[in-house]
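Trainee: My questions are about this predicted structure, shown below with the sequence.
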Amino acid sequence: MVFDISEYSVLEIICSSELEGEVWNNWVKKLAEMLTSVTIDSPIYFFTMGVDKKKSSIIHEMGDVSRGSFNSKPYLICYSEKLSFKMACEVIESDEFYLGRMILIKGTLNEKELQWLIIHWENELVRAGIECFKMDNDGSCINWYNPSSMKNAKGMVEKYLF
């Protein structure tokens, strides 16, 4: 399903309700292959909000983590020059990503974009205007926000997931 909101767009990828055992393992593998292929020539950021210092985050396993706060909202962000297949699998299998509490951001991110991301985190992520991936909070779908080419995005989903 594709949503277009003026200059913004979202490609919603519905997950199978049968995500258990081998079906789950295949889904993780296919989604990880798609994400690594989509981001092959781009850096990636791992981003999460609402974390406190006592809670552990899988983001800490991805590299050097920066902790920050904007409008009293704490966040963690980690930059990586490349998303490996192994990293993608670990992220997909984490509760943080599966329950919609982590975003994978494709490309570079400046301070203004980071602020927009924080402002629109919960309800209007598409309006942040950045290309990113986020699971729904119940794991029922993954949203690909603002793909650089909707035609290519649809092709990648068809190639890897269906």
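Mentor: Here it is on my side, so go on. Numbers count the residues shown, from 1 in each chain.
Trainee: Which helix in the chain has the most residues?
Mentor: In terms of residue count, the longest helix belonging to the chain (DSSP state H) is helix 21-38.
Trainee: so what's the backbone phi/psi at residue 69?
Mentor: In terms of degrees, to the nearest 10, the main-chain angles of residue 69 are phi -150, psi 140.
Trainee: Need the per-residue pLDDT for it.
Mentor: Looking at residue 69, its pLDDT is 87.
Trainee: same check, this time on residue 86
Mentor: 95.
Trainee: Look up which helix or strand it falls in, please.
Mentor: Assessed by DSSP states H and E, residue 86 sits inside helix 85-93.
Trainee: Tell me the helices and strands packed up against that helix.
Mentor: With contacts taken as 3 or more C-beta pairs under 8 Å, 6 or more residues apart in numbering; DSSP states H and E, helix 85-93 sits against helix 21-38. For glycine as for every other residue, the C-beta is placed from the backbone atoms N, C-alpha and C.
Trainee: so what strands line up beside the next helix or strand after the helix it packs on?
Mentor: As assigned by DSSP H and E, the chain's next helix or strand after helix 21-38 is strand 44-49. Note on strand 44-49: by DSSP bridges, its sheet partners are strand 73-80 (antiparallel), strand 102-106 (antiparallel).
Trainee: tell me how far the first one is from the chain's mean position?
Mentor: Which is strand 73-80. Chain-centre distance of strand 73-80: 13 Å, with C-alpha atoms, centre = their mean, to the nearest Å.
Trainee: can you list contacts of that strand?
Mentor: Here strand 73-80 makes contact (C-beta atoms under 8 Å, 6 or more residues apart in numbering) with 43-52, 57, 59-60, 62-69, 87, 109, 114, 118, 121.
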